[in-house]
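Peer 1: Pasting the sequence and the predicted coordinates here, then a few questions.
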Amino acid sequence: MSKTEKMKPLVGQELVNKVKELDHLSKEDKAKECGYSTTTKGGVERVNMMKFLNALIDAEGIELDGKNSSNGRGGRSASYRISVQSNGNLLIGAAYTKQMDLQPGDEFEISLGRKHIHLKQIGSEANGDD
């Protein structure tokens, strides 16, 4: 293939077959041969290894993310523990707000106990679980 002709990156079984066919080459050369390289304005050829390896993982059907929430994002799981930050704030993470299906603008009443803070959602129809 000529240098001026842009090759569309291979995907799926076609990618897997091509990589097996090129087993004698380095991984960078395999990526180039499979269409995962670009030429910069300065004429330098760059290999996009991350796109190549991700396409290869997808083609092989390997699931690295595990069972995530519906939005596909990873992150830490909820530990049900928080710490006071250096500025004195308490931050309740997104894992908790998603689990409770809270939306921006939802309001809470704060009541302080001797050793606890209680949040009660204001205007919620599901307030019967106190």
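Peer 2: Received it, and whenever you're ready, just let me know what you need.
Peer 1: When you work out contacts or count neighbours from here on, use the C-alpha atoms and nothing else.
Peer 2: Noted.
Peer 1: Run through the helices of the protein in chain order.
Peer 2: Along the chain, counting by DSSP state H, helices occupy 12-21, 27-33, 49-60, 94-99.
Peer 1: which residues are in contact with the first one?
Peer 2: Surrounding helix 12-21, the residues in contact under the criterion Cα atoms under 8 Å, 6 or more residues apart in numbering are 30, 34, 55, 56, 58, 59, 60.
Peer 1: tell me, how many neighbours does the first one end up with?
Peer 2: Neighbour count for residue 30, taken as other Cα atoms under 10 Å: 22.
Peer 1: Surely it and residue 22 touch.
Peer 2: Yes. Counting by Cα atoms under 8 Å, residue 30 touches residue 22, with 6.4 Å between them.
Peer 1: how about the least confident helix or strand in the chain by mean pLDDT as PDB, C-alpha atoms only?
Peer 2: For the chain, counting by mean pLDDT, DSSP states H and E, helix 94-99 ranks last in confidence among helices and strands (a mean of 82). C-alpha atoms of helix 94-99 as PDB (Å, rounded to 0.1, in the frame of the first residue of the first chain):
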ATOM      1  CA  ALA A  94     -21.500   9.900  43.100                       C
ATOM      2  CA  ALA A  95     -21.800   6.200  43.900                       C
ATOM      3  CA  TYR A  96     -24.200   7.000  46.700                       C
ATOM      4  CA  THR A  97     -26.200   9.600  44.800                       C
ATOM      5  CA  LYS A  98     -26.600   7.200  41.800                       C
ATOM      6  CA  GLN A  99     -27.600   4.400  44.100                       C
END
